[in-house]
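> could you work out the structure for the sequence below:
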Amino acid sequence: MTEKELMITGKMYDPNDPELLAGRVNARRVMRQLNAINPMTGGADRLAIFRKFFGATGERCYLENAFCCDYGYNIYLGEDFYANFNCILLDVAPIRIGKNAMFAPNVQLYTATHPLLAAERNSGREYAKPITIGDNVWLGGGVIVNPGVTIGDDVVIGSGSVVTRDVPSGVFAAGNPCRVVREISG
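Have a look, this model is predicted:
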């Protein structure tokens, strides 16, 4: 397997591989271009860039400035996605976000992780775990989602929460670490 294939499938990989370095350089170039466009007046231009840059997007998605990611090609956005200011999606592994998802300012999704054993960590090799977010999810300001987490449908995560494990559908969850507070009922 190539280092990129190892990375995307969650196996230990070398982040200094030339193909991966080139991917990160390209992502930084695209992010500079995106973040230089005023989202209020250049929305169509930004959307066209996102469609080429991301793995997939819905017809309608909107991300405020400043947006940051590692590669872009591992990001899959559903229809009617909205991210407020300073969204960070570290897409070393795939990030899949369902339809009608809303992210408040400073939301951060981290797929990248490192070995716990110092000898392995010091080797420079790392790995990643995918993040999946369902439909109709609202992540409050400053929410951090850790590697390998799945958040179900119809979920609200309270501001400042650190999501370290899966969250079932139909709940409000909050805290550090994030825990289910209650079910959401109509």
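
> so where do the helices sit in the chain?
Along the chain, counting by DSSP state H, helices occupy 3-8, 18-36, 43-53, 118-121.

> wouldn't residue 170 be in contact with residue 184 here?
Yes. At 5.5 Å, residue 170 counts as touching residue 184 under the criterion of Cβ atoms under 8 Å. From N, CA and C alone the C-beta is placed, and that goes for glycine too.

> give me the common contacts of these two.
Common neighbours of residue 170 and residue 184, using Cβ atoms under 8 Å, 6 or more residues apart in numbering, are 154, 155.

> the more surrounded of these two?
More crowded of residue 170 and residue 184, by other Cβ atoms under 10 Å: residue 170, with 17 against 14.

> tell me how many other residues crowd the nearest residue to the more buried one once chain neighbours are set aside.
Nearest residue to residue 170, sequence neighbours excluded (Cβ to Cβ, 6 or more residues apart in numbering): residue 154, at 4.9 Å. Using other Cβ under 10 Å, residue 154 is surrounded by 17 other residues.

> adjust the sequence numbering to begin at 548 for everything that follows.
Happy to do that; since the first residue is 548 now, the last one works out to residue 701.

> ok, residue 701 - contacts?
Neighbours of residue 701 in contact, by Cβ under 8 Å, 6+ apart: 681, 682, 683, 684, 716, 717, 731.

> so which of those residues is the closest to residue 575?
Closest approach to residue 575 among the contacts of residue 701 (Cβ to Cβ): residue 684, at 27.9 Å.

> can you pull the contacts of that closest one?
Counting by Cβ under 8 Å, 6+ apart, residue 684 touches 644, 645, 647, 648, 649, 698, 700, 701, 702, 703, 704.

> pull out the buried residues from the helix or strand bottoming out on mean pLDDT in the chain.
Scoring the helices and strands of the chain by mean pLDDT, DSSP states H and E places helix 590-600 at the bottom, with a mean of 87. Buried residues in helix 590-600, counting neighbours by 16 or more other Cβ atoms under 10 Å, are found at 593, 594, 596, 597, 600.
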